[in-house]
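J.: this is a predicted model, with the sequence first.
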Amino acid sequence: ARCGVSQVVVNRNFGGKRVKLTAWVKTDSLIGGAYVKIYGHGQYGMRQGIAPKRYGLNTPWTETTQILDLPPDTYEVWVWCLYTAPNRGIVYFDDVKLEVVGNVPPPPKEPRQPKPPKAPKAQKADNANN
């Protein structure tokens, strides 16, 4: 299971934006993994980022970042600082920040496919000479 802290931000202006989550994490004798994650909820479903890195055992204060492109229908973003549970150990998160870093870039244009060569015209048979 996942356990941790979360902040839900509701704002329809998130649609079509690239967001960045940055946090500092420290672990002390943690059996398991601690990480950050963004979830974007929209009218047509939910998109989640892939956790950038998991931290366990004894990790000094380390900055971690996740970037996620949100679909145009996004109206709510969940920011999570979490760890796998139940596990022994201590996790610290500090200076957590969510920011919009720009618009989602347009998808790359499909390369133009070359037109297939035209088939040669069939020659008419000359029935008079047969």
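T.: Structure's in. What do you need?

J.: report the central residue of this protein.
T.: Nearest to the mean C-alpha position of the chain, by C-alpha atoms, centre = their mean, lies G49 at 3.2 Å.

J.: how about that one, what does it touch?
T.: G49 makes contacts with L21, K37, I38, Y39, Q66, I67, L68, as judged by C-beta atoms under 8 Å, 6 or more residues apart in numbering. (Each C-beta comes from the backbone N, C-alpha and C, glycine too.)

J.: apply 7 Å and report the result again.
T.: Neighbouring residues of G49 by C-beta atoms under 7 Å, 6 or more residues apart in numbering: K37, I38, Q66, L68.

J.: pLDDT score assigned to it?
T.: pLDDT recorded at G49 is 89.

J.: next one: it from P117, what distance?
T.: Look at G49 and P117: by C-beta to C-beta, to the nearest Å, they are 45 Å apart.

J.: now swap in P71 and tell me
T.: 40 Å.

J.: give me the more crowded residue out of the two.
T.: Neighbours were counted for P71 and for P117 using other C-beta atoms under 10 Å; P71 has more, 18 against 6.

J.: bridged to the closest residue to the more buried one other than its chain neighbours, which residues?
T.: Spatially, and ignoring its direct neighbours in sequence, P71 is nearest to G42 (5.3 Å; C-beta to C-beta, 6 or more residues apart in numbering). For G42, the beta-bridge partners under DSSP bridges are G45, T74.
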